[in-house]
Structures are given as structure tokens and as C-alpha cells.
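K.L.:
no FASTA, just this:
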């Protein structure tokens, strides 16, 4: 990719000067792998953090560290926060749906369910996204493949939960919280698409504002439901710091870079690695138990989620080409915007999907 610039001082036509596009220091595949690891380990960080701190405290710490990273990035790039009371009102709702609510629900869920199950529940966001987009977005029409993907994904969820055993040994409250957290992401994406699509500020500015507002929301709620910790164990504190600085801060920057370089379709594939890494980390590091139905069900969920993301190919017509420049995935993604299709990586969570992540789009 290159840019062409002509010298304004010259009156006679001259050959254009071609300036090569500055390539990233790290190959996109390496950054893709790092992003997958960060969002996959986020569920382990949540589990470790909640061993010493209340869920709201874990979420607040996560937001504080994540906001600090985004604020530093905005300062380096000289980005400004959005302006206008109406925009900030919409951002407050988006901050609640995409940050404060799902982050808190995942933290509470992992008090009673393993991090492996939480990571798999996070992968159901594309399934929820498809259902909601069919209801809320008139331009998003169902296809047989996408409906089949929804059914397959639902069967995968039942397999993970062990439905044939009557959900024996499963904490339904914690599982429901994790599923509600994954549902909150597509609800937030649809809200952003309806209210902030095409907004003037950059996506980095909008996300930084969301994190700032979510931090204020948790700062108001946390003292009402928790008390100040009597001690600050180092390992859980480091887990919360990593969760925020890496999973909510650095991951967002990595994701935006990937979307701009390789396009949203390739970047969103990170969603399918998150539950795999979350399961491996939970079993290998935390010693969580794993039955055959968990990985098998997770694979079924991911297969269904992949089918729900399928889009019909645009058929070419025999009309003569126009002079307009054809849009491509890469040119459209040069400046990631908030109008990301529900069920796809937005951001979170992640995110993952991602914040995918655990905030998916920011996970």
C-alpha cells in the first residue's frame, strides 16, 4: 500500500512521489497470537483476582488499569475525547452494556463456575448477536446457513452444560451470569451501531471514553456493595493489573491494529481461539477438572458461531463498471468504526471477542 503526493510548488506536471506505507514492527500473525493469548488468559486472571477481592473490586481495578493504558495511547496519538452531551449520553449506555455489566457478571460468575466454562460461555456472543440482529436490524436477513449455525451452537451449549445429565453438578446461577455477560456484548454493539455509527471521533477516542465512563460507574457502585480490603495479596493484585492493562488496554490497541491491517474478517477469527486458550489455561495452571463434554461442546459452539457469521456473497452483474473506487475489506477497515455488525468482533469483547473478549470485542 502506498500514498501518492504531488509537490504543490511545482507548476509543471511531474511524476508522483510514492511514499511506502510504514509497516508494523511485528508481523500481524504474531500480534494475532498475542491477542489470542491475552484474551484467553483473561478468564484465568478473573479467577485469580476473585480469590482475594470482591467481583466489583476486580472489575473496578480492571477498568482503572485499562483506562490508564488507553489514556496513554490517546496522549501519544494526540487523540481527544468526544464532545457533545448527546454523544456522551450514548457512550454512558454503551459503557454499561459493553464494559461495566459484562465485566461484573463474568467476575461474579467465576465465584462459582470454573474459568474454562466462563471462557466457553463467552464464545456464545455471536449466537446471541445473530438472534438480536434479526430482531433489531432490518438489513440483517437470516439465511439457512446462519439459522443452522444458531441451532448447532445451541446444541453445543447444551453439550457443554451436560443437559442429558440434568445439568448435574453445575451452578446454574454462575452459568446464567456468564451467559448474560455474553449476551450483553451484542446488545451493546447494536446500541452503538444505532446511535454512534458514523460519529466524528475515532474509535480509539470512543472506546477510551467508554472505559472512563465505565470506571466512574463502578466507582459509584463498588463502595455500596463492598468494603475496603484489609490486605492486598500480591498475586491476585497482579492478576487484576494484568487483566486491565493487557486484557482491556493493550488488547484493544492490538485489535484495532489488526482490523486496520488485515481487515475485520481475519481479525475476528481471534474469537475462536479464546475458549481454547481459556480451557487450556484453566486446566494446566488452575488445575480445573475437564470432562469430555466440555471440549466437544466448545467445538460445536465455535462451529455454530462460525456459521452464524457467514454472509451471502454479492453476485456480480453484467453492468459496466463505474468510475467509483470499489470498496474492499481493507480500505473499509482503515479506520475501525463503531458500526460493527453484531456478533462480530467490535470492540471489547472484547472482544473474544474480544474487548473479546472478555470483552470480545474487549473481553
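P.N.:
Alright, I've got the coordinates. Please read all numbers here as calculations on a predicted model, not as lab measurements.
K.L.:
what pLDDT, on average, does the helix or strand hosting residue 189 get?
P.N.:
Take DSSP states H and E as the rule and residue 189 turns out to sit in helix 172-195. Helix 172-195 shows an average pLDDT of 93 in the prediction.
K.L.:
again, but for stretch 243-255
P.N.:
For stretch 243-255, mean pLDDT is 94.
K.L.:
got phi/psi on the nearest residue to residue 54 once chain neighbours are set aside?
P.N.:
Closest residue to residue 54 apart from its sequence neighbours, by C-beta to C-beta, 6 or more residues apart in numbering: residue 226 at 4.2 Å. Where you see a C-beta, it was placed from the backbone N, CA and C, and this is true even at glycine. As for residue 226, its main-chain torsions (degrees, to the nearest 10) stand at phi -140, psi 170.
K.L.:
these two touch, right, residue 226 and residue 57?
P.N.:
Yes - with contact defined as C-beta atoms under 8 Å, residue 226 counts as touching residue 57 (5.7 Å).
K.L.:
between those two, who's got more neighbours?
P.N.:
Each of residue 226 and residue 57 has its neighbours counted (other C-beta atoms under 10 Å); residue 57 has more, 23 against 14.
K.L.:
would you mark the buried spots in the strand or helix carrying the more buried one?
P.N.:
With elements taken from DSSP H and E, the one containing residue 57 is helix 55-77. Within helix 55-77, the residues that qualify as buried are 55-71, 73-74, counting by 16 or more other C-beta atoms under 10 Å.
K.L.:
what residues are up against residue 184?
P.N.:
The neighbourhood of residue 184, defined by C-beta atoms under 8 Å, 6 or more residues apart in numbering, consists of 97, 98, 101, 102, 105.
K.L.:
and residue 25, how many neighbours does it have?
P.N.:
Count around residue 25 with other C-beta under 10 Å applied: 7.
K.L.:
and it, how close does it get to residue 53?
P.N.:
35 Å (C-beta to C-beta, to the nearest Å).
K.L.:
before we move on, what about residue 304?
P.N.:
Computed with C-beta to C-beta, the distance linking residue 304 and residue 53 is 35 Å.
K.L.:
ok, these two, which is more surrounded?
P.N.:
Regarding residue 304 and residue 53, a neighbour count based on other C-beta under 10 Å identifies residue 304 as having more, with 25 against 22.
K.L.:
what about the closest residue in space to the more buried one that isn't next to it in sequence, helix or strand, and which?
P.N.:
Taking C-beta to C-beta, 6+ apart, and ignoring the residues beside it in sequence, residue 304 has residue 153 as its nearest neighbour in space, at 2.7 Å. Residue 153 belongs to helix 144-161 when elements are defined using DSSP H and E.
K.L.:
quick check: mean pLDDT of that helix?
P.N.:
Taken as a whole, helix 144-161 has an average pLDDT of 82.
K.L.:
so which bits of it are buried?
P.N.:
146, 149-150, 152-161.
K.L.:
stretch 242-259: end-to-end distance?
P.N.:
Start to finish, the residues bounding stretch 242-259 are 23 Å apart (C-alpha to C-alpha, to the nearest Å).
K.L.:
pull the distance from that stretch to the chain's centre.
P.N.:
On the basis of C-alpha atoms, centre = their mean, to the nearest Å, stretch 242-259 is displaced by 9 Å from the centre of the chain it belongs to.
K.L.:
ok, residue 175 touching residue 121?
P.N.:
Yes - proximity of residue 175 to residue 121 meets the contact threshold set by C-beta under 8 Å, at 6.9 Å.
K.L.:
which stretches in the stretch 251-363 of the chain count as helices?
P.N.:
Ranges of helices within the stretch 251-363 of the chain are 251-262, 264-267, 274-284, 293-308, 329-332, based on DSSP state H, counting those that start in this stretch.
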